[in-house]
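Novice: kindly generate the corresponding structure for this input.
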Amino acid sequence: MVIRFRFLVFCIAVVTAWVAVGQINQMKTPEQQIEEALGALPESMRDDVAVHGFDEAGNPVLLREGTSDIACHADDPNLRAWTVTCFPRSLEAFVSRSEALRKAGEDTPARVKTLRAEISSGAIEMPDIGALYIRTGNSVDVASAVVILHVPNATAQGTGLPTLPTRGSPWLAEAGTPMANIRIARR
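Specialist: Prediction:
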């Protein structure tokens with residue numbers, strides 16, 4: 001009886017994993033990808049924004065051309081966490097490199113360390129200021145939004161912001177480094 005129960009639990013776990021993998025790799029239509037990606041931006045900023053996404057084979061493609069200085073990246077169906085990102089073109093090298101490191105399997109601390117070193121060496125150029133609009137979570141339905149305002153080398157003293165997350169208030173992450181950024185949670 002115990003063996004049958006364990007076998008049943010094992011079978012449920014295998015089926016659940018297959019379903020999860022199917023959900024991870026489920027390809028969305030170009031229209032769905034565009035809508036989800038633009039959802040990271042305030043409505044007033046969504047016109048004329050270029051959107052990059054993925055074709056049916058999971059290859060990166062331009063889904064929508066844009067004439068504004070803002071671009072968005074749709075969720076990568078080949079990665080576990082659901083994430084969309086919008087940014088000014090001045091942050092494109094930074095965003096592309098961060099996404100490449102994420103896709104290569106680097107966790108957040110390793111990715112930040114690599115990005116910080118590449119910014120410090122001049123391999124990645126950063127603007128004096130630039131905003132990232134990000135929505136991330138387990139799915140589009142369970143995602144939180146944040147605006148990350150890159151302000152290289154900003155300090156707590158210079159900004160008057162706390163350096164630890166504070167509910168309902170912006171805070172300064174990576175203070176005093178080339179990766180310094182102000183994080184503002186959005187609903």
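
Novice: contacting residues for the closest residue in space to Glu92 that isn't next to it in sequence?
Specialist: Distance criterion Cβ to Cβ, 6 or more residues apart in numbering; nearest residue to Glu92, sequence neighbours excluded, is Ala71 at 6.7 Å. To be clear about C-beta, it is placed using only N, CA and C from the backbone, and glycine gets the same treatment. Neighbour list for Ala71: 49-52, 86-89, 92 [criterion: Cβ atoms under 8 Å, 6 or more residues apart in numbering].

Novice: mind running it again at 7 Å?
Specialist: Taking Cβ atoms under 7 Å, 6 or more residues apart in numbering, we find Ala71 in contact with 49-50, 52, 86-87, 89, 92.

Novice: equivalent analysis for Ala37, please.
Specialist: 51, 53, 72-74, 84, 86.

Novice: you'd agree it is in a helix?
Specialist: Yes - secondary structure of Ala37 (DSSP: H, G, I helix; E, B strand; the rest coil): part of a helix.

Novice: still on that earlier bit, need the contacts of Ala37 in a markdown table (columns: distance to Glu99).
Specialist: Shown next, in a markdown table, are the contacts of Ala37 (distance: Cβ to Cβ, whole Å):
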| residue | distance to Glu99 |
| --- | --- |
| Val51 | 14 |
| Gly53 | 13 |
| Cys72 | 12 |
| His73 | 7 |
| Ala74 | 11 |
| Val84 | 11 |
| Cys86 | 13 |
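
Novice: separation between His176 and Gln157?
Specialist: Slight slip there: residue 176 is Gly, not His. 9 Å (Cβ to Cβ, to the nearest Å).

Novice: neighbour count for these two, which is higher?
Specialist: Neighbour count, other Cβ atoms under 10 Å: between Gly176 and Gln157, Gly176 has more, with 15 against 9.

Novice: returning to that earlier point: any idea which of the contacts of Ala71 is closest to Ala40?
Specialist: Minimum distance to Ala40 across these is 4.7 Å, recorded for Cys86 (Cβ to Cβ).

Novice: wait, the closest one sits on Glu36?
Specialist: No - using Cβ atoms under 7 Å as the test, Cys86 is too far from Glu36 to be in contact (11.1 Å).
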